[in-house]
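Engineer: with the sequence up front, the predicted model follows.
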Amino acid sequence: MIKYTNMKKFKIIKKSKKSKARNGIVTTGHGKVKTPVFMPCATLGAVKTLAPYEVESLGFEIILANTYHLFLRPGEKFIKKLGGLHDFIKWNKPILTDSGGYQVFSLGAGNRHGDKKSAVKITPDGVEFKSHLDGSKHFFTPEKVIDIQLDLGSDILMIIDICTEYPANKKRARETMEITHKWAERSIKYWKRLKRRRPHLARKLLFGIIQGSVYKDLREESARFITSLGFDGIAVGGVSVGEGKRHMYNVMRWAAPHLPKDKPRYLMGVGEPEDLIRGVSLGYDMFDCVLPTRLARHGVVWIKQGKGFKKLDLRKSSSRSNNNVIQKGCGCYACSNGFTRAYLSHLVREKEVLGIRLLTLHNLFLINELIQSIDNGDVF
């Protein structure tokens, strides 16, 4: 019998001498993940327009799926009945599922079936919300969110939190932070109780989430509190929600010194190339973002420019007759096979799926190549 309780879940392999960057390995029941790592978003169980083998061929070792959306449709019980999310979507590597909290407070609050202020109701026990699909009411508790993710078969589970909107005054930021803290306490107590009854859960990881908006003292307070509870990893949430780069970088800097050195650190919702570099240099290990696929769906790709990166909009007239590839020397499928900007521009303007696929492959290739260069120490 495998002794899951003795499994080392995170190991640091190398540390930078120039910054706080580090290489590590996260071990899960579906394999190991080298860090730093970027997780493509498979919100509904698929990285948009790509097959699982394509995502794997790009070099990605883990993907992120969304608890809120999969709970609403097709439902976690349905997915469990069909063998769990890994078998359902034919992805045999690790999966992280977010808690659904962000969608509850964004999609739920703005659904078309009710008033924004009444669509979400926070109580001490949890949060009541209306589905953005049909207006049906649902209730998420800290315990239920864990149960949903276990039914999905997730390898890394996130606790439910309140992703504080921006802007928010300090009173609002503290209120939502304190609720997040209470839910975190309930989450870890429930998790420990489950693991005593079901030892195989030791293969899985549960992450806590730091909040506190753009207030330094709140972020530091939240970091100290969440890290004290004994989670397997720590995430910094509530960034990249419209606060701008200056505030986002501040939050990253404020939280980092208070994060445990022996556990994975997850910066949620961050995926711009320059932000990944900055995050890694501050000691963050895990990242996710919808931008690579979302930009591609709108005809936009990243290209390297000097030591930085810029966005290239292939819908613009300047690309219509450009016979160059997206970026010379790029090893992605689109560039290495000679697809020109002119052709890609044509596909995007005609809304051909092939165009979106090729641009998605380029953006994800660029992001993974950047992460791999960090793995090799080139960005340390």
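Structural biologist: Yep, that arrived. Numbers count the residues shown, from 1 in each chain.
Engineer: kindly export stretch 252-265 (C-alpha atoms) in PDB.
Structural biologist: Output in PDB follows, covering the C-alpha atoms of stretch 252-265 (Å, rounded to 0.1, in the frame of the first residue of the first chain):
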ATOM      1  CA  MET A 252       3.000  41.000  -5.400                       C
ATOM      2  CA  ARG A 253       5.900  42.600  -3.400                       C
ATOM      3  CA  TRP A 254       4.000  43.000  -0.200                       C
ATOM      4  CA  ALA A 255       2.800  39.400   0.000                       C
ATOM      5  CA  ALA A 256       5.900  37.600  -1.200                       C
ATOM      6  CA  PRO A 257       8.100  38.000   2.000                       C
ATOM      7  CA  HIS A 258       5.300  36.500   4.100                       C
ATOM      8  CA  LEU A 259       4.800  33.400   2.000                       C
ATOM      9  CA  PRO A 260       6.300  30.000   3.200                       C
ATOM     10  CA  LYS A 261       9.500  29.100   1.600                       C
ATOM     11  CA  ASP A 262       8.800  25.400   1.500                       C
ATOM     12  CA  LYS A 263       5.400  25.500  -0.300                       C
ATOM     13  CA  PRO A 264       4.300  26.400  -3.800                       C
ATOM     14  CA  ARG A 265       3.300  30.100  -4.300                       C
END
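Engineer: sketch out the low-pLDDT regions of the stretch 101-250 of the chain for me.
Structural biologist: Regions of the stretch 101-250 of the chain meeting the criterion pLDDT under 70 cover residues 107-118.
Engineer: could you pull out the helices for it?
Structural biologist: Taking DSSP state H, counting those that start in this stretch as the test, the helices found in the stretch 101-250 of the chain are 101-106, 142-152, 170-197, 216-227, 244-255.
Engineer: can you pull out the residues in contact with the last one?
Structural biologist: Looking back up the chat, that one is helix 244-255. Defining contact as Cβ atoms under 8 Å, 6 or more residues apart in numbering, one finds that helix 244-255 is touched by 166, 210, 212, 214, 216, 219-220, 222-223, 236, 238-240, 243, 267, 270, 275, 278-279, 282, 284. (C-beta placed from N, C-alpha, C; glycine too.)
Engineer: columns mean neighbour count and distance to K80 on top of the helices of the stretch 101-250 of the chain, output as a markdown table?
Structural biologist: Compiled in a markdown table, the helices of the stretch 101-250 of the chain are given as follows (neighbours: other Cβ atoms under 10 Å; distance: least, Cβ to Cβ, whole Å):
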| stretch | mean neighbour count | distance to K80 |
| --- | --- | --- |
| helix 101-106 | 22 | 20 |
| helix 142-152 | 22 | 4 |
| helix 170-197 | 18 | 16 |
| helix 216-227 | 20 | 29 |
| helix 244-255 | 18 | 35 |
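Engineer: got those as TSV, with distance to R320 columns?
Structural biologist: As requested, the helices of the stretch 101-250 of the chain are exported to TSV (distance: least, Cβ to Cβ, whole Å):
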stretch	distance to R320
helix 101-106	36
helix 142-152	44
helix 170-197	47
helix 216-227	46
helix 244-255	32
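Engineer: do you know which of those helices lies nearest D262?
Structural biologist: Ranking the helices of the stretch 101-250 of the chain by their distance to D262 (criterion: Cβ to Cβ) puts helix 216-227 first, at 10.9 Å.
Engineer: surely L58 touches E369?
Structural biologist: No - shown here, L58 and E369 do not form a contact pair, counting by Cβ atoms under 8 Å, at 9.2 Å.
Engineer: does A334 touch L364 like I think?
Structural biologist: No - under the criterion of Cβ under 8 Å, A334 makes no contact with L364, lying 11.1 Å away.
Engineer: so which of the helices of the stretch 101-250 of the chain is nearest V47?
Structural biologist: Closest approach to V47 among the helices of the stretch 101-250 of the chain (Cβ to Cβ): helix 142-152, 16.5 Å.
Engineer: so the closest one versus helix 170-197, what angle?
Structural biologist: When axes from the mean of the first three to the mean of the last three Cα atoms, to 10 degrees is applied, the directions of helix 142-152 and helix 170-197 differ by 50 degrees.
Engineer: since that was my last question, I'll sign off now.
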